[in-house]
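1. got a predicted model here, sequence first, then my questions.
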Amino acid sequence: MKIVKLTKETTQNLLEELLKRSPNSYGEYESRVNKIIEDVRTRRDEALFEYTKRFDGAQIHAGNVLVTEEEIEEAYAKTDASLISIIRKSLENIRSFHEKQRQQSWIDAEKGGIILGQRVTPLKTAGVYVPGGKAAYPSSVLMNVIPAKAAGVEHIIMTTPPDQEGNVYPATLVAAKEAGVDAVYKAGGAQAVAAMAFGTESIPRVDKIVGPGNIYVALAKKAVFGYVSIDSIAGPSEILVLADETADPVYAAADLLSQAEHDEMASAILITTSKELAQQVSLQTDRFLEKLSRRDIIQKSLDNYGYILIADSMEEAIEAANEIASEHLEILTKDPFETMTKIRNAGAIFVGPYSSEPLGDYFAGPNHVLPTNGTARFFSALSVDDFVKKSSIISYSREALEPVYQDIVRFAENEQLTAHANSIRVRFEKD
């Protein structure tokens, strides 16, 4: 890994490099994605099935696009019983965490006939996109479905690309069934996003689309935003490890590589105040690489976006970490909780040497759908809040409105909105 002295200039250069990985930087794909979306919007099932044949090699039609109960039963038979048990344990942890996020409606009645409040209601429908093939992640099924269930979403569907035989990865179907998905459809890519956004003869329109995917899926979600809601436009995975001289270099190296193996665009960054730790971590990453199965992907990721930054002080290191605003931030310092209080920007914060990032990916309970590419400065992890909407409640009696109606009239007239003013004034004209 590249070892670099941390300065304002190196931090800025790094930020510019990381931003190049954003889906917003791949404009050359947008015209292709937009064409697919418009085609599915116009020709619906016909276009959806044609793209499935072209991109996935599967002969999907109205009679087999919906996964059947028999297929789900077969998926259970093909999935190792120990994995099913682990999926259920993980599900309970995720459910327990997200149920604590629920918000309640409220009403506040004041003297004089004023009633104000907020009504919290779940979305009616949600669509979850799940990658297929080599990028089949049952954990992402749980992370995207369970917050919607906890929020009370009435109907949850899932789309996932089939293999050439028209089958779906078994563990993905098991996770969907365990999490409570109502229907699973064999469709992937931008065409699946378009189907969920606008509806086809086979796939219903949803209110919100969530879930990870490749650049075509990310750009498709961006394109349909406004017709439906989306969770985010996710970029490649990233991890930042913040460490001092007390950190174990073996742990730090292993954790950096845990994200570098996602893809060649993934980012792995160590910021440390210790030159010795920097050298040791670099050596350990080389040693791990010799025996890891995805070493080629990891090596390209580290070559492109792997950095070890040496800071003069922990304050400087923390400042840089807040600037980078990483998706995953691990703290390996002498007093990690004290360090944690100074972190403003991170998707998820892992505190201490036994809280490595995969704990959050699979088991702890907090969501692993997190903001990337610096958007942790203003975005949050996927949560129950993403699947509810809030309506304001306003009720004034005549007695409550009378003392303030002239103020409202003047305010409206100042903005030259005379119909607004009239709407208030007519209620007191008889007086």
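-> The structure has been received and is ready for your questions. Numbers count the residues shown, from 1 in each chain.
2. all helices of the stretch 251-400 of the chain, in order?
-> 275-289, 295-305, 314-324, 336-340, 357-362, 398-401 (DSSP state H, counting those that start in this stretch).
3. who wins for proximity to N214 among those helices?
-> helix 295-305 (14.7 Å; CB to CB). Backbone N, C-alpha and C define where each C-beta goes, glycine included.
4. mind checking which of the helices of the stretch 251-400 of the chain is nearest A148?
-> Closest of the helices of the stretch 251-400 of the chain to A148 is helix 357-362, at 19.1 Å (criterion: CB to CB).
5. report the buried residues of the closest one.
-> Of the residues in helix 357-362, 357-358, 360-362 count as buried by neighbour count, 16 or more other CB atoms under 10 Å.
6. again, but for stretch 115-131
-> Those would be 120, 122-123, 125-131, for stretch 115-131 by 16+ other CB under 10 Å.
7. which one of the residues you listed sits closest to E92?
-> Closest to E92, out of all of these and judged by CB to CB, is V128, at 19.2 Å.
8. tabulate the buried residues of helix 357-362 (JSON lines), appending distance to A254.
-> What follows is the buried residues of helix 357-362, written out as JSON lines (distance: CB to CB, whole Å):
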{"residue": "E357", "distance to A254": "10"}
{"residue": "P358", "distance to A254": "10"}
{"residue": "G360", "distance to A254": "15"}
{"residue": "D361", "distance to A254": "14"}
{"residue": "Y362", "distance to A254": "15"}
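9. list just the nearest of the residues you listed to L401.
-> Nearest to L401 among those is G360, at 50.9 Å by CB to CB.
10. list the contacts for that closest one?
-> Contact partners of G360, counting by CB atoms under 8 Å, 6 or more residues apart in numbering, are 328, 348, 350, 366, 368.
11. of the residues you listed, which is the most crowded?
-> Counting neighbours by other CB atoms under 10 Å, H328 leads the contacts of G360 with 28 neighbours.
12. pLDDT score for that one?
-> H328 carries a pLDDT value of 97.
13. test my guess that it contacts I343.
-> No: using CB atoms under 8 Å as the test, H328 is too far from I343 to be in contact (12.0 Å).
14. ok, back up a step: in strands, which of the contacts of G360 appear?
-> 328, 348, 350 (DSSP state E).
15. now, which of those sits nearest L142?
-> A348 (15.7 Å).
16. that closest one pairs with what?
-> Assessed by DSSP bridges, A348 has beta-bridge partners H328.
17. could you measure from it over to D361?
-> 10 Å (CB to CB, to the nearest Å).
18. overlap in contacts of these two?
-> Common neighbours of A348 and D361, counting by CB under 8 Å, 6+ apart, are H368.
19. all strands for the stretch 51-200 of the chain, in order.
-> 106-110, 114-122, 125-129, 155-160, 183-186 (DSSP state E, counting those that start in this stretch).
20. with mean pLDDT and distance to H98 as new columns, can those be given to me in TSV?
-> Converted to TSV, the strands of the stretch 51-200 of the chain look like this (pLDDT from 0 to 100; distance: least, CB to CB, whole Å):
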stretch	mean pLDDT	distance to H98
strand 106-110	95	21
strand 114-122	97	13
strand 125-129	98	14
strand 155-160	98	14
strand 183-186	98	21
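21. could those strands go into JSON lines alongside distance to A421?
-> Formatted as JSON lines, the strands of the stretch 51-200 of the chain follow (distance: least, CB to CB, whole Å):
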{"stretch": "strand 106-110", "distance to A421": "25"}
{"stretch": "strand 114-122", "distance to A421": "21"}
{"stretch": "strand 125-129", "distance to A421": "40"}
{"stretch": "strand 155-160", "distance to A421": "43"}
{"stretch": "strand 183-186", "distance to A421": "50"}
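22. W106 pairs with what?
-> W106 has the following beta-bridge partners by DSSP bridges: Q118.
23. where does pLDDT dip in this protein?
-> For the chain, the stretches flagged by pLDDT under 70 are 22-27, 133-135, 431.
24. returning to what we had before: of the ones in strands among the contacts of G360, closest to H420?
-> A348 (45.1 Å).
25. that closest one reaches A381, doesn't it?
-> Yes: using CB under 8 Å, A348 is in contact with A381, at 6.4 Å.
26. could you name every residue contacting both of the two?
-> What both A348 and A381 touch, as defined by CB under 8 Å, 6+ apart, is the set 366, 368, 370.
27. isn't the last one up against A381?
-> Read it as L370. Yes: using CB under 8 Å, L370 is in contact with A381, at 5.1 Å.
28. just to revisit the earlier point, just the shared contacts of A348 and A381 now: which is nearest R32?
-> Closest to R32, out of all of these and judged by CB to CB, is L370, at 27.4 Å.
29. S232 versus that closest one, what's the distance?
-> Taken as CB to CB, the span from L370 to S232 is 9 Å.
30. common neighbours of the two, please.
-> Jointly contacting L370 and S232 under the rule CB under 8 Å, 6+ apart are L382.
31. re earlier: need the buried residues of stretch 115-131 in a markdown table (columns: distance to E74).
-> A markdown table is the format used below for the buried residues of stretch 115-131 (distance: CB to CB, whole Å):
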| residue | distance to E74 |
| --- | --- |
| V120 | 40 |
| P122 | 32 |
| L123 | 31 |
| T125 | 27 |
| A126 | 26 |
| G127 | 24 |
| V128 | 21 |
| Y129 | 23 |
| V130 | 18 |
| P131 | 21 |
